[in-house]
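[1] just a sequence and a predicted model for now, questions to come.
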Amino acid sequence: MSDVMYLGFQREVQEEQSWLSFLRGWCVHVADRLAYLDAIIWELELCREGSSVVHFLVEWRSGDDVVLADAVMYFRGIHEFEAQKLDNLFLFLQASVAQVARRRQFVARFSGV
């Protein structure tokens with residue numbers, strides 16, 4: 001009976017470790033998305049700052065400046081959401097790591113019995 005329980009606890013630890021791996025991958029994905037959004041925002045702001053030069057080269061239609069400013073605000077909003085999501089993922093990851101550590105301690109104590 002003790003072997004069955006030990007193997008069951010070991011299986012739970014393995015499942016939690018696979019969950020941690022998934023969370024770490026998701027954190028990398030969100031961090032990459034933030035870098036991508038940073039690049040988009042930087043390009044849009046560069047275009048907005050250089051729009052006075054563009055006015056001389058190309059006639060802008062009315063409202064183009066507003067559309068550009070709205071695009072910057074839109075991507076900043078997405079960036080803030082993704083940054084908050086990444087912070088929450090890190091908190092969840094820390095809690096999950098602590099949970100796995102507690103389970104490993106329990107398995108170690110159980111295996112000594």
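    Alright, I've got the coordinates.
[2] after the helix or strand bottoming out on mean pLDDT in the chain, next one along is what?
    The weakest-scoring helix or strand in the chain, judged by mean pLDDT, DSSP states H and E, is helix 51-57 (a mean of 50). As assigned by DSSP states H and E, the chain's next helix or strand after helix 51-57 is helix 64-111.
[3] which helix or strand contains the closest residue to residue 99 other than its chain neighbours?
    Counting by C-beta to C-beta, 6 or more residues apart in numbering, residue 16 is the residue found nearest to residue 99 once chain neighbours are left out, at 6.5 Å. The way it works is simple: take the backbone N, C-alpha and C, and place the C-beta from them, glycine included. Following DSSP H and E, one finds residue 16 within helix 2-49.
[4] quick one, grab the pLDDT at the residue most central in space within the chain.
    Geometric centre of the chain, nearest residue: residue 30, 2.9 Å, by C-alpha atoms, centre = their mean. pLDDT recorded at residue 30 is 95.
[5] does it touch residue 86 like I think?
    Yes: counting by C-beta atoms under 8 Å, residue 86 is a contact partner of residue 30 at 4.6 Å.
[6] hang on, the earlier thing: who are the contact partners of the residue nearest to residue 99?
    Residue 16 makes contacts with 96, 99, 100, 103, as judged by C-beta atoms under 8 Å, 6 or more residues apart in numbering.
[7] same thing but 10 Å
    Counting by C-beta atoms under 10 Å, 6 or more residues apart in numbering, residue 16 makes contact with 96, 97, 99, 100, 101, 102, 103, 104.
[8] please apply the same query to residue 75.
    Here residue 75 is in contact with 36, 37, 38, 39, 40, 41, 42, 43, 44, 45 (criterion: C-beta under 10 Å, 6+ apart).
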